[in-house]
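In: build me a structure from this.
(one chain, ligands or ions: 1)
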Amino acid sequence: MNVRENLKALNIEKRAYIDGKFVDAVSGKVMQKISSIDGTIIDNIAECDAVDVDRAVDAAKRAYFSGVWADKSPAEKKSVMLKLAALMEENIEELALLDTFETGRSYQNYLHDSIPKAVEVVRYFAEAVDKYYDKMIPPRGKDFGLITRVPLGVVGAITPWNDPLVVDAWKFAPALLMGNSIVMKPAEQASLSLLKLAALTSEAGIPDGVFNVVTGYGEIVGKALALHRDVRGIFFTGSSDTGKKILTYAGQSNMKKVALECGGKGAYIVTANCNNVGEAAKVLADNMFYNQGQICSAPSRVIIDKTKFDEFMNCLRTECERYVPGDPFDTENNVGCVVSVEQYQKIQNYIALAKSEGAEVYQAVGRKKHSEKAACVQPTIISNIAANSRVVTEEIFGPVVVVLTVNSTAEALTLANDSNYGLAGAVWTNDFDEAFHVAKNLEVGLVHVNSYGNDDNSAPFGGVKESGLGKDKSIYSFDEYSDLKTIWIHHSAH
Ligand code: ADP
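Out: Here you go, the predicted model:
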């Protein structure tokens with residue numbers, strides 16, 4: 001079944017959401033882009049600028065200092081956020097349609113994987129907030145101290161297009177539950193589902209001004225938000241290059257708190273002691289190709305003992321066939337298009353570079369395209385390539401995995417850590433000591449042992465090195481969206 005026609009029945013909101021109302025950009029400008037699905041035009045999404053950011057931050061500040069949300073009890077906030085999760089679930093088909101329409105990822109995948117995950121994120125944080133305790137410095141004579149977690153105030157979130165509502169929820173759920181007001185800046189490639197969600201926040205009972213969405217371009221809206229002196233924390237997911245800019249903006253303005261979840265080139269180590277190479281190849285394909293490889297934690301750099309190479313490659317070529325892309329609106333397809341024509345071209349350039357360097361390039365056999373203009377890339381495996389090739393060292397953000405061979409686990413570890421990135425990684429081995437040694441020494445924020453990507457909301461997520469700083473997910477995330485405040489009390493009681 002093709003669900004594209006269902007879009008016609010939707011009343012798609014394309015204006016920014018400020019102070020509880022949908023509004024045009026003050027300039028009246030709108031954005032226009034080309035759909036990666038079929039080349040049609042997607043237009044009329046509000047193109048905001050710094051003036052609109054000012055309006056949203058002012059509204060957020062007013063709401064914050066009024067106490068209308070910040071002063072609600074944890075149980076009250078929990079109940080509102082659980083209602084929001086229920087409303088997201090009720091509107092799941094619409095949210096999935098909007099995200100497919102804008103990003104080209106398959107509807108099936110949004111409906112059964114991405115949006116349900118976003119709902120679970122909201123539930124996880126809502127359920128956690130009233131189990132959260134502050135700490136106390138025990139009495140010494142007539143003194144004692146309270147160590148409390150206080151909201152930052154107005155926070156900003158700048159989010160990407162590859163898993164829009166999941167990453168949005170990683171940020172807005174803990175931010176709101178800690179009592180902050182938030183201004184969200186979605187990626188220009190994926191604004192519509194967050195605008196729909198904005199309407200749901202109001203229905204759930206989040207007061208006007210507490211949750212705002214300012215659409216527009218990163219260098220204009222994102223920059224203005226990150227530079228704003230009334231914004232006390234900026235929370236970002238995107239490329240490492242932009243992450244570095246965000247750090248600079250914080251330094252140029254008010255030293256706001258910064259958390260960054262940036263790029264990656266996940267090392268996927270398979271050692272000579274791995275007895276389950278077929279499973280390793282299957283799990284690799286599942287995590288590498290399901291969203292056309294557009295995942296920052298994708299295991300895009302396989303480092304395998306040369307004794308296991310042939311078996312692994314045979315299995316991986318077969319597994320690739322499960323991820324051949326097609327029309328994202330066709331409910332038979334689990335994989336759709338890449339996000340844009342530009343992204344498509346960037347991926348093709350890397351594949352061409354690998355070929356020009358003499359690498360072996362395998363591509364899964366495709367099917368007939370649903371549209372001449374569809375930007376889909378077949379799952380691609382690159383081997384026999386130098387470890388210092390740009391194809392190996394840079395993040396491609398497409399369904400392209402590189403496979404490097406090594407003679408020992410020590411060599412694998414050295415190669416894995418020889419990267420500017422450090423987001424996620426894996427080791428596959430049946431030797432426990434070896435597994436623990438590699439897990440301990442891999443320079444990443446998250447290591448999977450004999451698995452990949454099946455961690456849940458309780459696992460902190462975020463990298464080291466140029467993959468960023470700070471953590472999304474887990475109750476540690478509450479720490480990101482708050483500050484420690486000590487109240488030292490002297491008393492005369494006896
Ligand atoms: P990608 O290359 O994956 O699109 P980006 O880092 O460019 O990643 O985008 C992630 C988010 O950062 C998007 O919301 C984008 O609009 C925003 N962004 C891009 N450039 C800037 C910038 N200079 N300042 C602030 N935000 C930006």
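In: what is the burial count for the residue in the stretch 251-400 of the chain that the ligand sits nearest to?
Out: The ligand sits closest to residue 397 of the stretch 251-400 of the chain, with a gap of 6.5 Å, by Cβ to the nearest ligand atom. The way it works is simple: take the backbone N, C-alpha and C, and place the C-beta from them, glycine included. When neighbours are defined as other Cβ atoms under 10 Å, residue 397 has 23 of them.
In: which phi and psi values does it adopt?
Out: With angles defined as degrees, to the nearest 10, residue 397 sits at phi 60, psi 50.
In: so the closest residue to it other than its chain neighbours is in which element?
Out: Spatially, and ignoring its direct neighbours in sequence, residue 397 is nearest to residue 294 (5.4 Å; Cβ to Cβ, 6 or more residues apart in numbering). Residue 294 is part of no helix or strand, with elements assigned from DSSP states H and E.
In: residues touching residue 294, list them.
Out: For residue 294, the contacting residues are 105, 162, 338, 339, 343, 397, 398, by Cβ atoms under 8 Å, 6 or more residues apart in numbering.
In: residues in contact with the third one?
Out: It refers to residue 338. By Cβ under 8 Å, 6+ apart, the residues touching residue 338 are 36, 104, 292, 294, 344, 347, 375, 376, 377, 398.
In: for the residues you listed, give me TSV that also has pLDDT, distance to residue 9 and secondary structure.
Out: Shown next, in TSV, are the contacts of residue 338 (pLDDT from 0 to 100; distance: Cβ to Cβ, whole Å; DSSP: H, G, I helix; E, B strand; the rest coil):
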residue	pLDDT	distance to residue 9	secondary structure
36	97	23	coil
104	98	21	coil
292	96	27	coil
294	97	28	coil
344	97	29	helix
347	98	34	helix
375	97	26	coil
376	96	26	coil
377	97	31	coil
398	98	33	coil
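In: list only buried entries from those residues.
Out: Buried residues within the contacts of residue 338, counting neighbours by 16 or more other Cβ atoms under 10 Å: 36, 104, 292, 294, 344, 347, 375, 376, 377, 398.
In: the first one contacts residue 375, doesn't it?
Out: Yes - between residue 36 and residue 375 a contact is recorded at 4.0 Å, counting by Cβ atoms under 8 Å.
In: joint contacts of the two?
Out: 104, 337, 338, 340, 341, 343, 344.
In: dump these to JSON lines, plus secondary structure and distance to the ligand.
Out: Formatted as JSON lines, the shared contacts of residue 36 and residue 375 follow (DSSP: H, G, I helix; E, B strand; the rest coil; distance: Cβ to the nearest ligand atom, whole Å):
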{"residue": "104", "secondary structure": "coil", "distance to the ligand": "14"}
{"residue": "337", "secondary structure": "coil", "distance to the ligand": "15"}
{"residue": "338", "secondary structure": "coil", "distance to the ligand": "11"}
{"residue": "340", "secondary structure": "coil", "distance to the ligand": "9"}
{"residue": "341", "secondary structure": "helix", "distance to the ligand": "14"}
{"residue": "343", "secondary structure": "helix", "distance to the ligand": "8"}
{"residue": "344", "secondary structure": "helix", "distance to the ligand": "14"}
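In: check which helix or strand residue 369 maps to.
Out: Counting by DSSP H and E, no helix or strand carries residue 369.
In: strands of the stretch 51-200 of the chain, start to end?
Out: Here the stretch 51-200 of the chain has its strands, by DSSP state E, counting those that start in this stretch, at 135-140, 143-151, 154-158, 181-185.
In: tell me which of these lies nearest to residue 97.
Out: Closest to residue 97 of the strands of the stretch 51-200 of the chain is strand 181-185 (Cβ to Cβ; 20.5 Å).
In: so which bits of this protein are right by the ligand?
Out: Neighbours of the ligand within the chain, by Cβ under 6 Å from any ligand atom: 158-160, 185, 187-188, 218-219, 222-223, 226, 238-239, 242, 245.
In: select only the buried ones of these in ChimeraX?
Out: To isolate the buried ones among these in ChimeraX, judged by 16+ other Cβ under 10 Å, type:
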select :158,159,160,185,187,188,218,222,223,226,238,239,242,245
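In: give me the phi and psi angles of the closest residue to residue 207 other than its chain neighbours.
Out: Leaving aside its chain neighbours, residue 207 sits nearest to residue 68 (4.5 Å; criterion: Cβ to Cβ, 6+ apart). Recorded main-chain torsions at residue 68 are phi -60, psi -30, according to degrees, to the nearest 10.
In: circling back to that earlier point, just checking, the residue of the stretch 251-400 of the chain closest to the ligand touches residue 288?
Out: No - Residue 397 is not in contact with residue 288 according to Cβ under 8 Å; the separation is 11.7 Å.
In: and residue 483, what are its phi and psi?
Out: Residue 483 has phi and psi values of phi -120, psi 150 when expressed as degrees, to the nearest 10.
In: could you do the one 3 residues further on as well?
Out: Backbone torsions of residue 486, given as degrees, to the nearest 10, read phi -100, psi 130.
In: what's the burial count for it?
Out: Neighbourhood size, residue 486 [other Cβ under 10 Å]: 10.
In: so it bridges to which residues?
Out: Legend: beta-bridge partners of residue 486 under DSSP bridges are residue 147.
In: contacting residues for it?
Out: 137, 145, 146, 147, 148.
In: from residue 148, how far off is it?
Out: As for residue 486, its distance to residue 148 is 8 Å (criterion: Cβ to Cβ, to the nearest Å).
In: residue 98 too?
Out: According to Cβ to Cβ, residue 98 and residue 148 sit 39 Å apart.
In: who's more crowded, these two?
Out: The neighbour count for residue 98 versus residue 148, taken as other Cβ under 10 Å, is higher for residue 98 (27 against 14).
In: among the contacts of residue 486, which two are most distant?
Out: 137 and 148 (11.3 Å).
In: list the contacts of residue 413.
Out: 269, 438, 441, 442.
In: just the buried residues from these, in PyMOL please.
Out: Provided next is the PyMOL selection string for whichever of those are buried by 16+ other Cβ under 10 Å:
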select buried, resi 269+438+442
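In: can you flag which of the contacts of residue 413 belong to helices?
Out: Secondary structure of these is defined by DSSP state H; positions in helices are 438, 441.
In: dump the contacts of residue 413 to TSV, plus pLDDT.
Out: Shown next, in TSV, are these (pLDDT from 0 to 100):
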residue	pLDDT
269	98
438	98
441	98
442	98
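In: out of the contacts of residue 413, flag the one nearest to the ligand.
Out: Distance to the ligand, by Cβ to the nearest ligand atom, is smallest for residue 442 among the contacts of residue 413, at 24.0 Å.
In: dump the one helix or strand residue 279 maps to to CSV, restricted to CA.
Out: Per DSSP H and E: residue 279 is located in helix 277-289. Extracted in CSV, the C-alpha atoms of helix 277-289 (Å, rounded to 0.1, in the frame of the first residue of the first chain):
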residue,chain,number,x,y,z
VAL,A,277,30.6,-14.1,12.4
GLY,A,278,27.2,-14.6,10.7
GLU,A,279,25.5,-12.9,13.6
ALA,A,280,28.1,-10.1,13.6
ALA,A,281,27.4,-9.4,9.9
LYS,A,282,23.6,-9.4,10.4
VAL,A,283,23.8,-7.0,13.4
LEU,A,284,26.1,-4.8,11.4
ALA,A,285,23.7,-4.6,8.5
ASP,A,286,20.8,-3.9,10.8
ASN,A,287,22.5,-1.0,12.4
MET,A,288,24.3,0.3,9.3
PHE,A,289,21.7,0.3,6.6
